[in-house]
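# Sequence plus the predicted model coming up.
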Amino acid sequence: EVVRTDNEDSLVVHSEDEHNPQPAVATATNVNVAAATSHSSSVLPLSRDFTDKLVKGNSSRQGRSLQRWLVHSQTEELVRQVAGTVPITRDGRIVLVSASRKSEWILPKGGWDADETREECAARETYEEAGLLGRLGACLDPIDYETSKAKKRRLSMMSGEGGGVSGGTGTEEFRPPQHKRFKKVEGGGSTYSPTGPELTEDTAAKSRAKKSSESSSSPTKVPSKSDPKNYSYVRLLLFPLYVSEVKNVWPEKGRLRKLVDIDEAIKIMEKEDRGYFKRGLEVIKDQGLHLLKPDSK
């Protein structure tokens, strides 16, 4: 389900790779972001009914049929909306959780569905992924970024149009993948390992003719900007969460948890090229939100 929401014109998207941030979706100006987020330092308790229902659940929510999307008015690009938290302990340290598909540390976050508030989504994702409950602080300013897959696609297209291009740190060249008939050898270099018929002028001509026929009969399929399966951008709504309960059993118990100070958390996110988490942690630190002592009652 695509849900149009307010404030789509304020979208300013950055790449996940913070070494070389890229503007996206028509570089719209950041208009009145404050209107969409609360800057109060208040701490928001979640209802007992909500937390009781959350704890009783023995599995994580699956599927994206209710996923909320922003639709950028100028480009019609879909932007996936997600919510998450920066879990903060009473001594001001940060709880990180292991990623589900990579050997990395992250902050809990996930898709914001149409049947829940953003606060409920952030709390739900934190419980499902990290087994933590607590009280939410006010939402930080939205953090918009380009997904890593979308960035790779974009750079690949740029490479095809104009040869090798630089990305990441500015020193990495993007080249076409090595042909399968070549294999790496010890000491560097490659060796040719024929796996098909001998390449002659005749076979080369046939190969070119076949490729020409395939390209004319099967044009390249360009993903639609309005196809939710091919979204390129994400808006992250991040909350500080002041931890009050740590569960030993939770829906995604296979994940690990790591307790670090905020400076270490920032370094870890920088090392892992998760600039959107790094920015959120820096806001928490700059505003001293990790030092608050909310009433636990």
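Good, I have the coordinates.
# pLDDT below threshold where in the protein?
By pLDDT under 70, the weakly predicted segments of the chain are 1-42, 161-228, 296-297.
# partners of the host helix or strand of Tyr145, with directions?
Here Tyr145, judged by DSSP states H and E, is contained in strand 143-146. Using DSSP bridges, strand 143-146 pairs in its sheet with strand 14-15 (parallel), strand 233-246 (antiparallel).
# quick one: the helices in the protein?
48-56, 118-130, 148-162, 201-217, 262-271, 275-286 (DSSP state H).
# out of those, nearest to Arg255?
helix 118-130 (6.0 Å; CB to CB). Glycine gets a C-beta too; all of them are placed from N, C-alpha and C.
# And that closest one, what does it pack against?
On a contact count with 3 or more CB pairs under 8 Å, 6 or more residues apart in numbering; DSSP states H and E, helix 118-130 meets helix 48-56, strand 78-88, strand 94-98, strand 109-111, strand 132-137, strand 233-246.
# Let's see the first one as PDB, backbone CA atoms only.
C-alpha atoms of helix 48-56 as PDB (Å, rounded to 0.1, in the frame of the first residue of the first chain):
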ATOM      1  CA  ARG A  48       0.600  -0.500  29.100                       C
ATOM      2  CA  ASP A  49      -1.800  -2.100  26.700                       C
ATOM      3  CA  PHE A  50       0.600  -1.600  23.800                       C
ATOM      4  CA  THR A  51       3.600  -2.900  25.700                       C
ATOM      5  CA  ASP A  52       1.700  -5.900  27.100                       C
ATOM      6  CA  LYS A  53       0.600  -6.800  23.500                       C
ATOM      7  CA  LEU A  54       4.100  -6.300  22.300                       C
ATOM      8  CA  VAL A  55       5.600  -8.700  24.800                       C
ATOM      9  CA  LYS A  56       3.000 -11.300  24.200                       C
END
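# Just say which of the helices and strands packed on helix 118-130 is most tucked in.
Mean neighbours per residue, mean count of other CB atoms under 10 Å, is largest over those for strand 78-88, with a mean of 24.
# list the helices and strands it packs on?
strand 69-71, strand 94-98, strand 109-111, helix 118-130, strand 132-137, strand 233-246, helix 275-286.
# what's the angle between that strand and helix 118-130?
70 degrees (axes from the mean of the first three to the mean of the last three CA atoms, to 10 degrees).
# Determine the angle, from 0 to 180 degrees, between strand 78-88 and helix 275-286.
Going by the same axes, to 10 degrees, strand 78-88 makes 40 degrees with helix 275-286.
# closest to Ser100 out of the strands paired with strand 143-146?
Among these, if distance is taken as CB to CB, the winner is strand 233-246, at 16.5 Å.
# Columns distance to Leu66 on top of the strands paired with strand 143-146, output as TSV?
TSV is the format used below for those (distance: least, CB to CB, whole Å):
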stretch	distance to Leu66
strand 14-15	27
strand 233-246	16
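# who wins for proximity to Val86 among those?
So among those, strand 233-246 is nearest, using CB to CB, at 5.2 Å.
# Which among the strands paired with strand 143-146 is found nearest to Pro87?
strand 233-246 (5.0 Å).
# pretty sure Leu140 contacts Arg235?
No: between Leu140 and Arg235 there is no contact under CB atoms under 8 Å: 11.9 Å.
# Name the stretch among the helices of the chain that sits most buried.
Taking mean count of other CB under 10 Å, helix 118-130 is the most buried of the helices of the chain, at a mean of 24.
# Number of residues surrounding Gly63?
8 (other CB atoms under 10 Å).
# before we move on, back to that, with distance to Lys247 as extra columns, can I get the helices of the chain in JSON lines?
Listed next are the helices of the chain as JSON lines, based on distance: least, CB to CB, whole Å:
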{"stretch": "helix 48-56", "distance to Lys247": "7"}
{"stretch": "helix 118-130", "distance to Lys247": "8"}
{"stretch": "helix 148-162", "distance to Lys247": "31"}
{"stretch": "helix 201-217", "distance to Lys247": "55"}
{"stretch": "helix 262-271", "distance to Lys247": "21"}
{"stretch": "helix 275-286", "distance to Lys247": "23"}
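# need the contact list for the residue nearest to Ile94 when sequence neighbours are not counted.
Of all residues beyond its chain neighbours, the one nearest Ile94 is Ala265 (4.3 Å), with distances taken as CB to CB, 6 or more residues apart in numbering. By CB atoms under 8 Å, 6 or more residues apart in numbering, the residues touching Ala265 are Ile94, Leu96, Leu281.
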